[in-house]
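Enquirer: dropping a prediction and its sequence here:
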Amino acid sequence: MGIISGIGKNFKSISRYNQILTVLLKYGFEDLVYYLEEKKQYTFIQKLIPKSSRKHAMAYSKWAKMRLVCEELGPTFVKFGQILSNRPDLVPLELTFELEKLQDNVPPMPDNIAKSVVETELKDKVEHLFAWFDPQPFASASMAQVHKVTLHSGKRVALKVQRSGIHDVITEDIKVMYKIAEVLEKRMPTLKSFDPVGLVENFEDSILKEIDFINESINVQRFYNNLKNDTSLDQFAEAPKVYPEFTTSKVLALEFISGIKIDQIEELELKNNDIKVIARRLAISYFKQIFEYGFFHADPHPGNLFVLPNGHICYLDFGMMGSMLPRDISVFAKLFIAIDEKNVKRIIQSLQQLSNNAPIEDMRALEFDINEFVEKYYVRDIHDNEMSTILLELKDIIIAHGLKVPTYFFLFARSLVSLEGVINKLNPELEQFEIVKPYLRKNATQKYNPILLGKKMANSFVELTNYMEEFPTDLKNAIRKINSGEVKVDITHKGMDPIVHTLQRIAKQLITTFIIIALITGASLFIIFEIGPLFNGISVLGITSFSLAVILGFGMLKNIKKGDYDR
C-alpha cells in the first residue's frame, strides 16, 4: 500500500507540474506574439498565428498576463500573488498593482458537500445544530463559502465553510513551489538575495494560518476585545462576535451583520447618515488600530466595511491582519511627526530604527533624497499628503538605499491605499493627516510616562544584575575556546554574481525557447500542407526548420547545464 500511495502522490505532483508548464507556455507564447506585433518583425511567423490568438495576446500587458497565470493556476497561486502584492520591495510596482486585482470568485460547492463538511466538523446533523440552515451560500470564494444560519436561540449567524479538499490542494501546490524555489536558488545564485525558499516558507505559514479558521476566530476575538476595551468617546468601530461552540479549523461561526456597504452612498443617505461623519469615523477607527492597538485590519476595502444603524463602522473578514510591536508603533509615530516638522535627521533616525540600525553606505545621498522628499511634500496640495502617499514614496527611498524594514510596513502602506480610496469617495476634502496627529503625539510622548519609565528602569536593573552574574562564566568560556583554538576568524571575499548576467541568460533562454516553438510549429505546417520545394514528398522547408530547432535545442541544453556560473 505504501508503494501505491507513493506512486499516487508522485503522479499528483507530475500532473500539477504539467498544468503549471502548460499555463506558462500558453502565456509565454502570447508574450512572444505581443513582442512580434509590437516590433513588426518576422511577419512570416505572424501570418501563421491565428487572429484570435494575436488579439488576445495584445489585449493584456506582461504584468496582466502574470496575474492571469495566477488566476488560472488556482487558489494557492492567487493567494501567493496577493501576498506578493504587499512586497513592492521584491516585485515591480506595476506588478503589485496587477496582483491587487486578483480574483478568486468561483462557483459554490454542491449543497450536499457543504452540509457534509459542517456535519463532519461539528459532529451532528445540521437539523439538530441549527434552527435553520440556508443551503445556498450568499458569498463564495476559492477557499470557503458563507451560509446564513439561525441558532435555536434565534441569533442569526454567518457560517463560513471551508471548501472540501482545499487543504490537500494547497499542500500539494506548496510542495511544487518549494521544488521550483530550490531549482531557482541552485541554478541562479544571484536570486539567493531574494531568498526564494524563505519566501515560500513565509507564504506557507501565512496560507496555512488562513485556512485554519481557529486562527481567524482568534483574530476576530482579538480585534473585538480591542474595540470592547476602548471606552473612549472616539470609539466608532465594531466587529462581529465569535461563536466558539460552532467553530472548528474548517467552520467559522460569526454574528451575522446587518448593515449597508460603506460605498453605497445613496442608500446611506436615504437612512439619514451624514457621509462626512462616516468618513471621519472610518479614519479615526483605523488610525486607532495602528497607533493604539497595534493590531490592524489589513484589507479594508468596501466589501469588508459596513455602516451599522447606529452609524458605527463594522469590519468584516479577518483573514489578513497586521500586527506591530509597541516599539515600532512609537517609531512610526515619530517618523510621521518628523515628516510633518520637516526634520530630515529624525526621519533618517526613524527609518534606521525600523530597519534595526542597518548600516547606510552613502549617508549624504540618503540625506539628499529625504530632503527632496520633504520639500516636495510641502509644496503639494494638502489633500495629496495622505499617509499612503508618504509611505509609498518613502518605500522607494528605502529600497534604493538597501534599508530592510519589517514586512508589515508594506502591508500597512497597501491597506492605507485601500482605506484612503474609501475615504476619498465619501469625503475627498477630509484632512486625514490632521485627524491622525493627536494619536501620533500621544504615542510618541507615551515613553515619558513616569510609571512606564519606572518599570523600564526596574527591568533594566534586573537584567543588568543577571548579566553581571553570568559575565565571569561567559568570559572564562570565551578565553578557554580561544586558547584551545576553537575560535577561528575566516574572512573571505567571494564577491557578488551580477544579477544583470543572470537576467541576460534567462532572456536568451526564453527567446531561444520561443524560436524553437516557432520553428517546430512552422515545420509542422510546411510538412502538413506540403509546401514546396519537396524532397521525396516532404517539404524541404519543414525538414530545415526541424533541423534548426534540434540544433538550437541542444545548444540551449548545453547552456542550461553550465548553470549561472558562466561568464
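Expert: Thanks, I have it.

Enquirer: Q136 in helix, strand or coil?
Expert: coil (DSSP: H, G, I helix; E, B strand; the rest coil).

Enquirer: low-confidence ranges in the stretch 301-450 of the chain?
Expert: Along the stretch 301-450 of the chain, the parts satisfying pLDDT under 70 run over 378-386, 444, 446-450.

Enquirer: buried residues in the host helix or strand of E127?
Expert: Assigning secondary structure by DSSP states H and E places E127 in helix 126-129. Residues 126, 129 are the ones in helix 126-129 that count as buried (16 or more other C-beta atoms under 10 Å). In this view, the C-beta of every residue, glycine as well, is placed from N, C-alpha and C.

Enquirer: which strands or helices does that helix pack on?
Expert: On a contact count with 3 or more C-beta pairs under 8 Å, 6 or more residues apart in numbering; DSSP states H and E, helix 126-129 meets helix 111-122.

Enquirer: buried residues in the helix it packs on?
Expert: Quick answer for helix 111-122 (16+ other C-beta under 10 Å): 114-115, 117-119, 121-122.

Enquirer: columns pLDDT on top of these, output as a markdown table?
Expert: A markdown table is the format used below for these (pLDDT from 0 to 100):
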| residue | pLDDT |
| --- | --- |
| A114 | 93 |
| K115 | 95 |
| V117 | 95 |
| V118 | 96 |
| E119 | 96 |
| E121 | 96 |
| L122 | 96 |
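
Enquirer: need the helix or strand of the chain with the lowest average pLDDT.
Expert: helix 43-46 (a mean of 44; mean pLDDT, DSSP states H and E).

Enquirer: then V161 would be within a helix, right?
Expert: No. Assessed with three-state DSSP, V161 is strand; it does not lie in a helix.

Enquirer: thinking again about what came up before, helix or strand next in line after the helix holding E127, which one?
Expert: strand 132-133.

Enquirer: contact partners of that next one?
Expert: Contacts to strand 132-133, defined as C-beta atoms under 8 Å, 6 or more residues apart in numbering, come from residues 115, 118, 126-127, 147, 149-150, 159.

Enquirer: what's the most distant pair in the residues you listed?
Expert: Using C-beta to C-beta, the contacts of strand 132-133 reach their maximum pairwise distance at K115 and T150, which is 15.5 Å.

Enquirer: want to throw the buried residues of helix 111-122 into TSV with distance to I520?
Expert: Shown next, in TSV, are the buried residues of helix 111-122 (distance: C-beta to C-beta, whole Å):
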residue	distance to I520
A114	46
K115	50
V117	47
V118	52
E119	53
E121	51
L122	56
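
Enquirer: what is the nearest of those to I262?
Expert: Using C-beta to C-beta, those come closest to I262 at A114, 28.9 Å.

Enquirer: so the residue nearest to that closest one when sequence neighbours are not counted versus S258, what's the distance?
Expert: Residue nearest to A114 in three dimensions, not counting chain neighbours: V161, with 5.3 Å by C-beta to C-beta, 6 or more residues apart in numbering. Distance, V161 to S258, by C-beta to C-beta, to the nearest Å: 21 Å.

Enquirer: ditto for V550
Expert: For V550 relative to S258 (C-beta to C-beta), the value is 68 Å.

Enquirer: run the chain-centre distance for stretch 549-558.
Expert: Put simply, stretch 549-558 sits 38 Å off its chain's centre (C-alpha atoms, centre = their mean, to the nearest Å).

Enquirer: dump it to CSV, keeping only the CA atoms.
Expert: Written as CSV, here are the backbone C-alpha positions of stretch 549-558 (Å, rounded to 0.1, in the frame of the first residue of the first chain):
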residue,chain,number,x,y,z
ALA,A,549,15.0,23.5,-33.9
VAL,A,550,17.1,20.4,-32.9
ILE,A,551,20.4,22.4,-33.1
LEU,A,552,19.0,25.3,-31.0
GLY,A,553,17.6,22.8,-28.5
PHE,A,554,21.0,21.0,-28.0
GLY,A,555,22.7,24.4,-27.7
MET,A,556,20.2,25.6,-25.0
LEU,A,557,20.5,22.3,-23.0
LYS,A,558,24.3,22.8,-23.0
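
Enquirer: which one of V161 and S258 is surrounded by more residues?
Expert: V161 (24 against 10; other C-beta atoms under 10 Å).

Enquirer: give the contact list for that one.
Expert: Contacts of V161 by C-beta under 8 Å, 6+ apart are 109, 114, 117-118, 137, 144-147, 250-251.

Enquirer: adding distance to E269, write those residues out as JSON lines.
Expert: Formatted as JSON lines, the contacts of V161 follow (distance: C-beta to C-beta, whole Å):
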{"residue": "M109", "distance to E269": "38"}
{"residue": "A114", "distance to E269": "37"}
{"residue": "V117", "distance to E269": "41"}
{"residue": "V118", "distance to E269": "39"}
{"residue": "P137", "distance to E269": "30"}
{"residue": "A144", "distance to E269": "33"}
{"residue": "Q145", "distance to E269": "32"}
{"residue": "V146", "distance to E269": "28"}
{"residue": "H147", "distance to E269": "31"}
{"residue": "K250", "distance to E269": "40"}
{"residue": "V251", "distance to E269": "38"}
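
Enquirer: what does the model give the residue nearest the centre of the chain for pLDDT?
Expert: Closest residue to the average C-alpha location of the chain: I83 at 1.3 Å, with C-alpha atoms, centre = their mean. Note for I83: predicted pLDDT of 75.
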